[in-house]
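Novice: Mind looking at a prediction? Sequence and model below.
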Amino acid sequence: MIANPKTRAPRGLESVYARCVLVLIALLYLTLFLVLPLASVFAEAFEKGWQTYLDSVHTPDALSAIRLTLLATGVAVTMNLLFGLAAAWAITRFSFKGKNLLTTLIDLPLAVSPVISGLIFVLLFGLHGWCGRWLDDHDIRIVFAVPGIVLATIFVTFPFVARELIPFMQARGSEEEEAARVLGAGGWTTFFRITLPNIRWSLLYGVILCSARAMGEFGAVSVVSGHIRGETNTLPLYVEILYNEYNFTAAFAAASLLSVVAIVTLAAKKLIEWKVESGGGQA
């Protein structure tokens, strides 16, 4: 039986209905899994007022967790920035043996569970690990100390900068760098005058993602930290300790700081996307 064409909705109207349904589903999903949890964090954090909130985030343990989080993030972002630039430059501008292996290894932390990443450092630098005896004899502490937290943070975040730069630099090509070299520019001059200005937005985008991931890292850091209060607890670990102690107001106050980081990261991401679009598509 053939449907009467007169009873069918116009194709344009069908597309409007479909678009409205899809938008409604997306908004419902975002509200349920993003907006409501985020709102509940701030509601719980400020439930007892501003003064209680400020007191919760100004305790010595909270300040120590914040400082350690910033330290680990700063070192990890700096190291991954340098590594990402070097790796992207090598992969996109040179041909060498092991190039495919290097590209694969960059993705390794994305495929390995963060907990497994932490266990790797325990096996390497723990007291009963491969280097544990030598480190203990020389009174060097890596696991259950700040160096272990920094190493774990670097490991889980090092793909982000490189993975933002590699596809962009491949798509852009090397014609401008080759032209600069033909005109007599040296390697560093070419990098700072040609390459770096061209990749600045892509580089900044990778740094922002790397920073957000470093501040929110829990699994790998939890394994290597030892949970020494006031010494080796980052902000995510500190939130877990407070929550397990039923100190919910302080836990949500600390969690709200991480939520602010997420919001700032999202705003920075949108700003970079706007700058790229307004700049004619140049990242």
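Specialist: Done, it's in. Numbers count the residues shown, from 1 in each chain.

Novice: Helix or strand: which one has residue 71?
Specialist: helix 60-93 (DSSP states H and E).

Novice: Let me know how buried the residue nearest to residue 236 when sequence neighbours are not counted is, in neighbour terms.
Specialist: In this structure, residue 236 finds its nearest non-sequential neighbour in residue 218, 4.4 Å apart by C-beta to C-beta, 6 or more residues apart in numbering. Where you see a C-beta, it was placed from the backbone N, CA and C, and this is true even at glycine. Using other C-beta atoms under 10 Å, the number of residues around residue 218 comes to 17.

Novice: where's residue 218 relative to residue 184, distance?
Specialist: For residue 218, the distance to residue 184 (C-beta to C-beta, to the nearest Å) stands at 51 Å.

Novice: Quick one: the helices in the stretch 151-283 of the chain, in order.
Specialist: Here the stretch 151-283 of the chain has its helices, by DSSP state H, counting those that start in this stretch, at 159-172, 175-182, 187-190, 196-216, 219-225, 235-244, 248-278.

Novice: Out of those helices, which is closest to residue 47?
Specialist: Of all the helices of the stretch 151-283 of the chain, it is helix 248-278 that lies closest to residue 47, at 6.4 Å by C-beta to C-beta.

Novice: got the angle for the closest one vs helix 60-93?
Specialist: Using axes from the mean of the first three to the mean of the last three C-alpha atoms, to 10 degrees, one finds that helix 248-278 and helix 60-93 are set 30 degrees apart in direction.

Novice: List the buried residues of helix 248-278.
Specialist: Residues of helix 248-278 classed as buried: 249-259, 261, 265, 268, 272 (neighbour count, 16 or more other C-beta atoms under 10 Å).

Novice: And it, what does it pack against?
Specialist: Here helix 248-278 touches helix 36-45, helix 50-57, helix 60-93, helix 196-216, helix 235-244, going by 3 or more C-beta pairs under 8 Å, 6 or more residues apart in numbering; DSSP states H and E.

Novice: cutoff 7 Å now
Specialist: helix 36-45, helix 50-57, helix 196-216, helix 235-244 (3 or more C-beta pairs under 7 Å, 6 or more residues apart in numbering; DSSP states H and E).

Novice: Which residues lie in contact with the residue nearest to the spatial centre of the chain in this structure?
Specialist: Closest to where the C-alpha atoms of the chain average out (C-alpha atoms, centre = their mean) is residue 213, at 2.5 Å. For residue 213, the contacting residues are 156-157, 160, by C-beta atoms under 7 Å, 6 or more residues apart in numbering.

Novice: Over to residue 46?
Specialist: residue 53.

Novice: same thing but at 10 Å, please
Specialist: 52-53, 249, 252-253, 256 (C-beta atoms under 10 Å, 6 or more residues apart in numbering).

Novice: Distance of the residue nearest to residue 236 relative to residue 201?
Specialist: Taking C-beta to C-beta, one finds residue 218 at 29 Å from residue 201.
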